[in-house]
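1. Kindly return the folded structure for what I paste below:
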Amino acid sequence: MFASPAVRGGATRRVVFSSNLLDACVYSRINNQWEERGMGNNNSNVETVPTPLAGTILSVASGLSFFLLCMILPLVGPSGSKVAHAAQNKMAFLGVLLVTFLLAALAGYSKMMRRKAVGGALPYGSLGLCVVCVLTLCVLLVNGFAI
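-> You can find the predicted model right below:
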């Protein structure tokens, strides 16, 4: 982790960049709990933000996972849904779909946290992939791929 000063809203605060998204979330939650309990945190002007590398790694991982999802799409297609093990095919596809959605959602969350702290563009790619995953899940639940 490293710290840098940031100015927002006329007040100067210290932003701590963490290479680990989990560190950033835990630190933020601990700060909030201390403030709720009225214990007073001596680091109230410190904010932990994931580095750009965390969001980039999660975005690349979600893109690769989506590529894998597209490759295994025939498992739930017309030929994959007429075999004896069609339920296992559907569960495997659903598992990869959920992993893809989770990675895309984490990437979007990481980039939104960073955008909130230091500015930047909206993570259209990650949010778009989340929407595509939700639409794919809807089509899968109504057996739309098995036409």
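
2. When you work out contacts or count neighbours from here on, use the C-alpha atoms and nothing else.
-> Fine.

3. doesn't I147 make contact with P78?
-> Yes. Counting by Cα atoms under 8 Å, I147 is a contact partner of P78 at 5.9 Å.

4. Report the buried residues of stretch 59-71.
-> Residues S59, A61, S62, G63, S65, F66, L69 are the ones in stretch 59-71 that count as buried (16 or more other Cα atoms under 10 Å).

5. between these, which is nearest Y124?
-> Y124 has its nearest neighbour among the buried residues of stretch 59-71 in S59, at 10.9 Å by Cα to Cα.

6. doesn't A107 make contact with the closest one?
-> Yes. Taking contacts as Cα under 8 Å, S59 lies within contact range of A107: 5.4 Å.

7. Tell me the residues that contact both of these two, please.
-> S126 (Cα atoms under 8 Å, 6 or more residues apart in numbering).

8. tally of neighbours for A92?
-> 16 (other Cα atoms under 10 Å).

9. gap between it and V76?
-> According to Cα to Cα, to the nearest Å, A92 and V76 sit 9 Å apart.

10. and what of S126?
-> Counting by Cα to Cα, the gap from S126 to V76 is 24 Å.

11. what do you get for M113?
-> 36 Å.

12. Kindly report the same for A146.
-> Taken as Cα to Cα, the span from A146 to V76 is 6 Å.

13. Ok, H85 next?
-> H85 is 11 Å from V76, by Cα to Cα.
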